[in-house]
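Peer 1: pasting the sequence and the predicted coordinates here, then a few questions.
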Amino acid sequence: MPLRRFEDERGWFTELARAGALPKPIRQTNLVFSRRGVIRGLHFHERGQDDLFACLHGKVRVVVLDRETGETFTEDIGDDNPVALHIPGHRAHGYEALTDCLFLYHVTEEYDAADPDEHGVPWDDPRVKHLWSTQEPILSERDRAASS
C-alpha cells in the first residue's frame, strides 16, 4: 500500500495504517532501529500472525518466503519507496537494513514470552540467500543459530 505524504512548511503527515483496510485487527506495534548491514529474520508464526511493515527513515529490503511453495517476494522500502507491506499469516519474512533505519511494524497478535509464536528460517536458506545485498550480515544470536 503506497503511503501518501502531505507536506507543507511545518513538515509532513502520513497515514500508516487503517484498521478497516486490514484483514485482522492490529494488536501490537513495534519500533526498531537497525544499523546498516543488519538482517532481522527470517521469522514466521505458526498461529498466523500478520505483520504490516513500514520503514520510517532510511531504506530496508524486505524478503518474504512462502514456505510451502518456495515462492519469494522482495521489495526495497523506505525513503525512496514509501509503502507499507502487509505480510500475511504463515509466510517467513525478514528485512535487511540497507542504511541505518527506523522500522515500524504492526502485528495482529500480542507477543507472549511464556508461549512465543516465533520460528525461524535461516537468512541464508538457498531459496532466499541470493535476495540479500550482503552475504556477511550483522545477526542476532537467535538468527545466527538458525543459519545453515
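Peer 2: Sure thing, it's come through. Numbers count the residues shown, from 1 in each chain.

Peer 1: what about this protein, any weak spots by pLDDT?
Peer 2: 148 (pLDDT under 70).

Peer 1: where exactly do the helices run in it?
Peer 2: Taking DSSP state H as the test, the helices found in the chain are 141-146.

Peer 1: residues near the closest residue to residue 6 other than its chain neighbours, how many?
Peer 2: Counting by CB to CB, 6 or more residues apart in numbering, residue 6 lies nearest to residue 13, which is 4.8 Å off, once chain neighbours are set aside. C-beta coordinates here come from the backbone N, C-alpha and C atoms, glycine included. When neighbours are counted by other CB atoms under 10 Å, residue 13 registers 10.

Peer 1: for residue 13, give its distance to residue 5.
Peer 2: Between residue 13 and residue 5 the computed distance is 7 Å (CB to CB, to the nearest Å).

Peer 1: any common contacting residues for the two?
Peer 2: Counting by CB atoms under 8 Å, 6 or more residues apart in numbering, residue 13 and residue 5 have no shared contacts at all.

Peer 1: contacts for stretch 105-115 next, please.
Peer 2: Counting by CB under 8 Å, 6+ apart, 16-17, 22, 24-30, 32, 45, 47, 49-54, 117 sit against stretch 105-115.
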